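Attaching a predicted model along with its sequence, questions to come.
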Amino acid sequence: MAGHIHPTAVVDPAAKIDPTAVIGPFAVVGPDVTIGAGTEIGPYCMVDGVTTIGRNNRFYRYCSIGGMPQDKKYAGEKTRLTIGDGNTVREFVTLNTGTVQDGGETTLGNDNWIMAYVHVAHDCHIGNHTILANSVQLGGHVHVGDWAIIGGLTGVHQFSRVGAHTMTGGNSSLMQDSPPFVLAAGNPCRPVGINVEGLKRRGFTPVMISALREAYKIIFRRGLPLDAARAELRKRQQEIPEAAEHLQTLLEFLDVASRGIIRP
């Protein structure tokens, strides 16, 4: 694949651009930017900050990538934005760098689909294969697990975590952690079941899905304190080896749920 930098683009000579990358008309690329093979930067995009972008990403027009964090404590430190491979980032998306008060880095993994007008704030960490629908707004320090889907116009409070394989309905307000595998929606966001269809598409067996349905009931329907629910989940791990790995994912998430979890 042959790369191309449009003659109207403004690319700092210090930027590291792979020869196969494409930089569109009127795009601006700053000096601390690295862009990998096959990545396309669309017209009028701004890519600055200490930003590293991997291979085969596509940024549509008017994205703002690597901008300074919207944090009043930020004092010009060279914090980072790191983006993996194979991501699609649609129009008017903003991805900010991190802050020194956290790890100094915002990350976007691989094969994510980020729709128009999404905002990813400082120190967010997004995994792989996620979908953030139009106008999703992530506050600072939010973590989004692999395969999560967040519906359009959803706001996620700073420091909240969205577990792997979750699906959050559109126009929701997520103020606490949403555990893995859960289907949730509303303002405030509440759990309404397990993301069964998503799990089937990803090859989860009937035994695994049944175990996760039961885990959902243990956490959300039986009125158990969280410690008692964890103990019950560990017992189920021993009883259902086929689902042990996924129950462990759920347990590890609950073990660090510092903001608490969403409740029915």
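On my side now, so go ahead. Numbering: from 1, shown residues only.

CA only for contacts and neighbour counts going forward, please
Will do.

I'd like to know how many residues surround Leu251.
Number of residues near Leu251 (other Cα atoms under 10 Å) recorded here: 18.

if I've got this straight, it is in a helix?
Yes - counting by DSSP: H, G, I helix; E, B strand; the rest coil, Leu251 is found in a helix.

tell me the pLDDT at it?
On pLDDT, Leu251 comes in at 97.

cool, and Ile219?
97.

Gly54 versus that one, what's the distance?
Using Cα to Cα, to the nearest Å, one gets 39 Å for the distance from Ile219 to Gly54.

Convert stretch 212-229 to CSV, retaining C-alpha atoms only.
Included here for stretch 212-229 are C-alpha records, laid out as CSV according to Å, rounded to 0.1, in the frame of the first residue of the first chain:
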residue,chain,number,x,y,z
LEU,A,212,-23.5,-16.6,34.1
ARG,A,213,-27.3,-16.3,34.4
GLU,A,214,-27.1,-17.9,37.8
ALA,A,215,-24.2,-15.6,38.7
TYR,A,216,-26.4,-12.6,37.8
LYS,A,217,-29.1,-13.9,40.2
ILE,A,218,-26.5,-14.4,43.0
ILE,A,219,-25.2,-10.8,42.6
PHE,A,220,-28.4,-8.9,41.9
ARG,A,221,-31.5,-11.0,42.9
ARG,A,222,-30.9,-12.7,46.2
GLY,A,223,-30.2,-9.7,48.4
LEU,A,224,-26.8,-11.1,49.4
PRO,A,225,-24.0,-8.8,50.7
LEU,A,226,-21.2,-8.6,48.1
ASP,A,227,-18.8,-10.7,50.2
ALA,A,228,-21.4,-13.5,50.4
ALA,A,229,-22.1,-13.2,46.7
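
check contacts around Thr130.
Applying Cα atoms under 8 Å, 6 or more residues apart in numbering to Thr130 gives the contacts Asp111, Asn112, Trp113, Gly145, Asp146, Trp147, Ala148, Ile149.

separation between the fifth one and Ile219?
Between Asp146 and Ile219 the computed distance is 21 Å (Cα to Cα).

And the fourth one, by the same measure?
In this structure, Gly145 lies at 19 Å from Ile219, with Cα to Cα as the measure.

One more: the last one?
Plainly put, Ile149 is 21 Å away from Ile219 if you go by Cα to Cα.

Which of those two has more residues huddled nearby?
Ranked by neighbour count (other Cα under 10 Å), Ile149 and Ile219 place Ile149 first, with 25 against 22.

Could you check the pLDDT of the more buried one?
For Ile149, the predicted pLDDT is 98.

Tell me which stretches of the stretch 101-250 of the chain form strands.
Per DSSP state E, counting those that start in this stretch, the stretch 101-250 of the chain carries strands over the ranges 105-108, 113-114, 119-120, 125-126, 131-132, 137-138, 143-144, 149-150, 155-156, 161-162, 167-168, 173-174, 182-185, 190-194.

mind giving me JSON lines with these and columns for distance to Gly42?
Compiled in JSON lines, the strands of the stretch 101-250 of the chain are given as follows (distance: least, Cα to Cα, whole Å):
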{"stretch": "strand 105-108", "distance to Gly42": "18"}
{"stretch": "strand 113-114", "distance to Gly42": "15"}
{"stretch": "strand 119-120", "distance to Gly42": "18"}
{"stretch": "strand 125-126", "distance to Gly42": "22"}
{"stretch": "strand 131-132", "distance to Gly42": "19"}
{"stretch": "strand 137-138", "distance to Gly42": "22"}
{"stretch": "strand 143-144", "distance to Gly42": "26"}
{"stretch": "strand 149-150", "distance to Gly42": "24"}
{"stretch": "strand 155-156", "distance to Gly42": "26"}
{"stretch": "strand 161-162", "distance to Gly42": "29"}
{"stretch": "strand 167-168", "distance to Gly42": "29"}
{"stretch": "strand 173-174", "distance to Gly42": "31"}
{"stretch": "strand 182-185", "distance to Gly42": "33"}
{"stretch": "strand 190-194", "distance to Gly42": "38"}
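
Looking at these, which one is packed in the most?
Of all the strands of the stretch 101-250 of the chain, strand 161-162 carries the top mean neighbour count, a mean of 28, counting by mean count of other Cα atoms under 10 Å.
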